[in-house]
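1. starting from these lines, generate the structure:
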Amino acid sequence: MKLARFTHGSRRSVGIVRGDRLLDIGESGGLEALLADWPASFERLRNFTGPSFALDKVVLHAPIERPSKFLAIAANYQSHIDEVKASNPDYVPPTSQRWFAKLPSCVNGPYAPILEPPESQQLDYEVELAIVIGRRCRRVRADRAAEVIAGYTICNDVSVRDWQKRSPTIMLGKSFDTHGPLGPWLVTPDEVGDPHSLGLRCWVNGELRQSGSTAEMIDNCYAQIEYLSTVCTLEPGDVIATGTPFGTGGSMKPPKYLKPGDVVRCEIDRIGTIEATVTVEEVE
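-> Numbering: from 1, shown residues only. Okay, the predicted model is just below:
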């Protein structure tokens, strides 16, 4: 099942995507409201029938609007580690899972513009599989981690590289407004299948920049949940971005940073596609 947040005219709601239609379930509280009663709420929707809209007549929003936590793992694909080392010989890869936070205010819709801030022109992209947590949990073993996943979505971990390098936490360079596109919807685990056998790709202006598989993860989705939940309570709606493969613009020689007018398209098998145009941020 695919669940999406959308606007149709003045109506804002949640819908179930079936083919080229979106069934309006009449939930103004967003997916967060459904997660409060997950998984029972999702099960009740599987045979839902009701009013629907054509997908091309609605505006899709990020499936989770304001997660209490938006966490992302660094250096989780060997191919990405290798390209960073090639462009920066002083880079030291992590010996354990290395995490950073993206501030929730950076969440952006799947087709909304990505803003280039006036403070930097080192804007970069990273296609990533994102996990959405469904159940409040702590110290979850990896072999039980699948039980707390409500679904998966696509994340473009947009990064401002010079700001990222200014602090060991890298949080600020990962958290500018609009730099957390998510979507186009949340896909439940039964429809995704094995999350570690998904192809993921990113194009910039039609040029394929990234192409990899979630099978390449150093620490898989379940190991990530075990590690994080050792430290903090994971809550419904929390978003976990699981890493990116080779092909980021900042690691190319010369670097190919995003610029205004560029179109960035991210795709993951069995989930879908998000796409955004880079736009200059207007500052008063």
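
2. helices of the stretch 101-250 of the chain, residue ranges please.
-> Applying DSSP state H, counting those that start in this stretch to the stretch 101-250 of the chain gives helices spanning 161-165, 189-192, 221-231.

3. between the ones you listed, which one is nearest to residue 247?
-> helix 161-165 (14.5 Å; C-beta to C-beta). Using the backbone N, CA and C atoms, a C-beta is placed for each residue, glycine as well.

4. how about the helices of the stretch 101-250 of the chain in TSV, adding distance to residue 144?
-> Formatted as TSV, the helices of the stretch 101-250 of the chain follow (distance: least, C-beta to C-beta, whole Å):
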stretch	distance to residue 144
helix 161-165	33
helix 189-192	14
helix 221-231	8
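
5. could I get the ones you listed in JSON lines, plus columns for distance to residue 103, mean pLDDT and mean neighbour count?
-> Compiled in JSON lines, those are given as follows (distance: least, C-beta to C-beta, whole Å; pLDDT from 0 to 100; neighbours: other C-beta atoms under 10 Å):
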{"stretch": "helix 161-165", "distance to residue 103": "13", "mean pLDDT": "95", "mean neighbour count": "17"}
{"stretch": "helix 189-192", "distance to residue 103": "27", "mean pLDDT": "98", "mean neighbour count": "15"}
{"stretch": "helix 221-231", "distance to residue 103": "17", "mean pLDDT": "98", "mean neighbour count": "19"}
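
6. now residue 38: how far from residue 92?
-> Computed with C-beta to C-beta, to the nearest Å, the distance linking residue 38 and residue 92 is 40 Å.

7. returning to that earlier point: so which of the helices of the stretch 101-250 of the chain is nearest residue 280?
-> Short answer: helix 161-165, nearest of the helices of the stretch 101-250 of the chain by C-beta to C-beta, at 16.9 Å.

8. low pLDDT regions in the stretch 151-284 of the chain?
-> Along the stretch 151-284 of the chain, the model assigns pLDDT under 70 to no residue.

9. in it, which spans are strands?
-> 159-160, 180-187, 199-204, 207-213, 239-241, 263-268, 272-280 (DSSP state E, counting those that start in this stretch).

10. neighbour-wise, which of residue 38 and residue 92 wins?
-> residue 38 (20 against 8; other C-beta atoms under 10 Å).

11. residue contacts, that one?
-> 134, 135, 150, 236 (C-beta atoms under 8 Å, 6 or more residues apart in numbering).

12. from those, which land in strands?
-> residue 150 (DSSP state E).

13. want to throw the contacts of residue 38 into JSON lines with neighbour count and distance to residue 82?
-> JSON lines is the format used below for those (neighbours: other C-beta atoms under 10 Å; distance: C-beta to C-beta, whole Å):
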{"residue": "134", "neighbour count": "25", "distance to residue 82": "34"}
{"residue": "135", "neighbour count": "15", "distance to residue 82": "36"}
{"residue": "150", "neighbour count": "25", "distance to residue 82": "33"}
{"residue": "236", "neighbour count": "23", "distance to residue 82": "36"}
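
14. out of the contacts of residue 38, which is nearest to residue 118?
-> Of the contacts of residue 38, the one sitting nearest to residue 118 (C-beta to C-beta) turns out to be residue 236, at 36.3 Å.

15. give me phi/psi at the residue lying closest to the closest one once chain neighbours are set aside?
-> Excluding the flanking residues, the one nearest residue 236 by C-beta to C-beta, 6 or more residues apart in numbering is residue 35, at 3.8 Å. Main-chain torsions, residue 35, degrees, to the nearest 10: phi -70, psi -20.

16. and the pLDDT at residue 35?
-> With respect to pLDDT, residue 35 scores 95.

17. which residues are in contact with it?
-> 41, 134, 150, 236, 237.

18. try it again with 7 Å
-> 134, 150, 236, 237 (C-beta atoms under 7 Å, 6 or more residues apart in numbering).

19. quick check: residue 225 touching residue 139?
-> No: counting by C-beta atoms under 7 Å, residue 225 stays clear of residue 139, with 10.3 Å between them.

20. any idea how far the residue nearest the centre of the chain lies from residue 182?
-> Residue closest to the average C-alpha location in the chain (C-alpha atoms, centre = their mean): residue 155, at 2.0 Å. Noted for residue 155: a distance of 6 Å to residue 182, by C-beta to C-beta.
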